[in-house]
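**Student:** Compute the structure for the input listed below.
(one chain, ligands or ions: 2)
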Amino acid sequence: MPPNHWPIRFVLAPPGRLEQAPGNMSLAPRALAQLSAQVEAIVASTPIHDIHTHLYDPAFGKLLLWGIDDLLVYHYLVAEAFRYLDLPFEKFWTLDKPRQAELIWDALFIQHSPISEACRGVVTTLNALGLDVQKRDLPALREWFAQWKPEDYLNRCFELAGVRSVCMTNSPFDEVERATWEAGFVRDERFHAALRIDPLLLAWGDVAPILTFWGYTASVSVTDRTVSQVRRFLADWTRKIQARYLMVSLGPEFDFPSASSSARLLEKAVLPHCREFGLPMALMMGVKRQVNPQLQMAGDGVGLSKLGALERLCAEFPENKFVVTVLARENQYELCVLARKFRNLHVFGCWWFTNVPGLLDEITRMRLELIGLSVTPQHSDARVLDQLIYKWRHSRKVIGQVLAEKYADLARSGWRPSEGEIQRDVQLLFGGAFEQFCER
Ligand code: RAT
Ligand code: ZN
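**Tutor:** Ligands and ions are numbered 1, 2, ... in the order given. Below you'll find the model as predicted:
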């Protein structure tokens with residue numbers, strides 16, 4: 001329609017009053033409220049494939065953590081409790097798990113209100129399980145958890161979280177885990193495997209002798225023979241665990257290309273292996289390991305990553321697929337722009353310090369605005385089974401609100417999404433886009 005035929009009221013109406021324009025029912029406030037409720041309902045009920053967790057198939061026995069004490073000694077809470085505790089670090093680490101949990105409970109839930117995201121998560125989880133959080137009664141909570149059989153509790157948590165499957169983090173360098181893989185077991189199909197190779201890429205000097213001991217004769221210098229042995233090792237473990245992708249976390253110092261053994265092993269062994277098996281390489285960038293070693297696992301921090309390294313990886317290896325998340329808030333925008341340039345890059349997750357509602361809102365908004373639906377806005381990073389409940393309830397809420405706003409903007413311009421279209425889009429955000437990327 002030529003411009004001079006445009007309805008005059010659209011041209012003259014002041015901004016903000018367009019909603020009331022007669023003849024354009026899609027803009028009525030009631031219709032927008034209905035759309036928003038519809039989006040939130042679909043987001044709340046769409047089953048999720050959680051692409052990165054630290055949960056284990058129940059066949060791994062004690063490696064699958066669950067229950068109130070494990071919720072309380074989560075390393076996010078350990079770091080927060082030490083802001084209040086006077087106790088020396090070494091003393092805390094000599095205590096058994098129940099005693100550590102009691103100290104954390106007292107510091108973060110009794111002496112102060114549990115405002116932080118990780119604290120609020122415990123409250124959300126207990127409440128969703130039907131427990132009375134108002135009583136603040138740790139012994140009663142322990143009694144309740146003690147009645148559960150792990151298999152039943154697993155089903156309950158998956159159901160309450162609306163999770164259909166999860167990706168584990170599987171390390172051949174973990175002795176307990178390794179023994180279970182070597183012994184063999186019947187897999188629970190809800191638990192996918194992912195091969196974690198941090199020691200191989202980040203501590204090659206220590207790992208070369210271990211690989212040699214396991215029968216993959218490798219030297220500390222990255223020779224052709226060493227590369228072929230590393231590839232054989234990766235191939236054996238990829239097959240053994242049926243890995244869906246490989247994964248490493250990288251510090252701010254990581255660069256590419258570089259003479260470091262990390263960069264060389266990545267280029268010569270890991271990326272060719274990924275190409276051969278058609279698997280993505282996941283990079284979790286920006287962890288500054290052991291900023292305060294006294295906090296043990298809770299002692300890692302954050303640093304700005306050099307995303308030029310990622311740009312060069314994506315450009316030089318178009319046959320490789322990279323699945324990437326960055327920990328620094330200041331890296332988020334550059335990562336989105338890179339994803340617009342490289343279709344072999346899939347952006348995922350708001351983890352650890354970025355998994356707080358304010359940042360999840362900001363980062364999800366930025367991603368949807370820059371790369372649309374070709375993204376996985378969140379993964380849980382759960383280390384304790386029960387955490388699936390709160391991590392997904394909290395994330396669904398924020399993602400639902402952002403998405404509802406985006407559809408409302410479209411509806412104001414006359415593009416009203418159908419229920420089927422919204423379901424399709426949400427399925428993409430909750431694991432479908434990642435699955436499609438893996439299959440490409
Ligand atoms: O979020 C976390 O629990 C971190 O400790 C890390 O596990 C991070 O997610 C990683 O996988 O390195
Ligand atoms: Zn993780």
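
**Student:** Tally up the residues packed near R83, please.
**Tutor:** 10 (other CB atoms under 10 Å). (C-beta placed from N, C-alpha, C; glycine too.)

**Student:** Kindly report the same for W93.
**Tutor:** Counted by other CB under 10 Å, the residues lying close to W93 total 12.

**Student:** same question, S219
**Tutor:** S219: 13 surrounding residues under other CB under 10 Å.

**Student:** Dihedrals phi and psi, the residue of the stretch 151-300 of the chain found nearest ligand 1?
**Tutor:** The minimum distance from the stretch 151-300 of the chain to ligand 1, using CB to the nearest ligand atom, falls at S249 (4.0 Å). Main-chain dihedrals, S249, degrees, to the nearest 10: phi -100, psi 140.

**Student:** I figured it hits M284, correct?
**Tutor:** Yes. Between S249 and M284 a contact is recorded at 4.2 Å, counting by CB atoms under 8 Å.

**Student:** Who's the closest spatial neighbour of L234, skipping the chain neighbours?
**Tutor:** Leaving aside its sequence neighbours, L234 sits nearest to H273 (CB to CB, 6 or more residues apart in numbering; 4.5 Å).

**Student:** My reading is that that neighbour lies in a helix. Confirm?
**Tutor:** Yes. The assignment for H273 by DSSP: H, G, I helix; E, B strand; the rest coil puts it in a helix.

**Student:** Report the contact partners of it.
**Tutor:** Applying CB atoms under 8 Å, 6 or more residues apart in numbering to H273 gives the contacts R231, L234, A235, T238, L246, L279.

**Student:** try E311
**Tutor:** So E311 contacts L338, K341, F342 (CB under 8 Å, 6+ apart).

**Student:** What's the local residue count around R142?
**Tutor:** The burial count for R142: 14, using other CB under 10 Å.

**Student:** Please disregard the earlier target; I meant Y390.
**Tutor:** Neighbours around Y390, by other CB under 10 Å: 25.

**Student:** again, but for W66
**Tutor:** Residues contacting W66 under the criterion other CB under 10 Å number 20.

**Student:** What separation do you get for E330 and ligand 1?
**Tutor:** To ligand 1, E330 is 19 Å away according to CB to the nearest ligand atom, to the nearest Å.

**Student:** what helix or strand is the closest residue to that residue other than its chain neighbours on?
**Tutor:** In space, and not counting its chain neighbours, E330 is closest to L304: 5.7 Å by CB to CB, 6+ apart. Under DSSP states H and E, no helix or strand contains L304.

**Student:** what are the ranges of the helices in the stretch 301-440 of the chain?
**Tutor:** For the stretch 301-440 of the chain, helices defined by DSSP state H, counting those that start in this stretch occupy the ranges 307-316, 332-341, 357-371, 387-412, 419-427, 433-439.

**Student:** Go through stretch 304-324 and flag the buried ones.
**Tutor:** 304-307, 309-311, 313-314, 317, 320-324 (16 or more other CB atoms under 10 Å).

**Student:** Least confident secondary structure element in this protein?
**Tutor:** Ranked by mean pLDDT, DSSP states H and E, the weakest helix or strand in the chain is helix 8-12, scoring a mean of 34.

**Student:** Now tell me what touches the next helix or strand after that one from outside.
**Tutor:** Counting by DSSP H and E, the next helix or strand C-terminal to helix 8-12 is helix 29-45. The contact list for helix 29-45, computed with CB under 8 Å, 6+ apart, reads 19, 25, 162, 396, 399-401, 403-404, 407-408, 411-412, 416-417, 419, 422-423, 426.

**Student:** What subset of the residues you listed is buried?
**Tutor:** 162, 396, 399-401, 403-404, 407-408, 411, 417, 422, 426.

**Student:** where does this protein dip in pLDDT?
**Tutor:** Flagging of the chain using pLDDT under 70 yields the residue ranges 1-26.

**Student:** Give me every residue in it lying close to ligand 1.
**Tutor:** Neighbours of ligand 1 within the chain, by CB under 6 Å from any ligand atom: H54, S249, M284, V287, W351, W352, D381, R383.

**Student:** so what's the second one up against?
**Tutor:** Just to be clear, that refers to S249. Per CB under 8 Å, 6+ apart, neighbours of S249: D198, L283, M284, M285, V287.

**Student:** Mind doing that once more with 6 Å?
**Tutor:** For S249, the contacting residues are D198, M284, V287, by CB atoms under 6 Å, 6 or more residues apart in numbering.

**Student:** what's the answer for the fourth one, then?
**Tutor:** V287 is in contact with S249, D300, L327, counting by CB under 6 Å, 6+ apart.

**Student:** okay, which residue is most central for this protein?
**Tutor:** H379 (3.0 Å; CA atoms, centre = their mean).

**Student:** circling back to that earlier point, can you check the contacts of E311 and name whichever has the most neighbours?
**Tutor:** In these, the most neighbours by other CB under 10 Å go to L338, 21 neighbours.

**Student:** how much space is there between that one and G308?
**Tutor:** Using CB to CB, to the nearest Å, we find L338 at a distance of 10 Å from G308.

**Student:** Check P377 too.
**Tutor:** Taken as CB to CB, the span from P377 to G308 is 25 Å.

**Student:** what do you get for K341?
**Tutor:** With CB to CB as the criterion, K341 and G308 are 13 Å apart.

**Student:** just L55 next, same as before
**Tutor:** With CB to CB as the criterion, L55 and G308 are 34 Å apart.

**Student:** what does V347 give?
**Tutor:** Taking CB to CB, one finds V347 at 17 Å from G308.

**Student:** Assign a three-state SS to the spatially closest residue to A118 that is not a sequence neighbour, would you?
**Tutor:** Among residues not flanking A118 along the chain, Y76 sits closest, at 4.0 Å (CB to CB, 6+ apart). For Y76, the assignment made with three-state DSSP gives helix.

**Student:** can you count the residues close to A259?
**Tutor:** A259 has 8 nearby residues by other CB under 10 Å.

**Student:** pretty sure it is in a strand, no?
**Tutor:** No. Per three-state DSSP, A259 lies outside any strand segment and is coil.

**Student:** burial measure for S261, as a count.
**Tutor:** Neighbour count of S261, defined by other CB under 10 Å: 20.

**Student:** ok, now how distant is the residue lying closest to it once chain neighbours are set aside from L265?
**Tutor:** Distance criterion CB to CB, 6+ apart; nearest residue to S261, sequence neighbours excluded, is W204 at 4.1 Å. According to CB to CB, W204 stands 6 Å off from L265.

**Student:** Ok, D188 next?
**Tutor:** D188 sits 32 Å away from L265, going by CB to CB.

**Student:** A328 too?
**Tutor:** A328 is 24 Å from L265, where distance means CB to CB.
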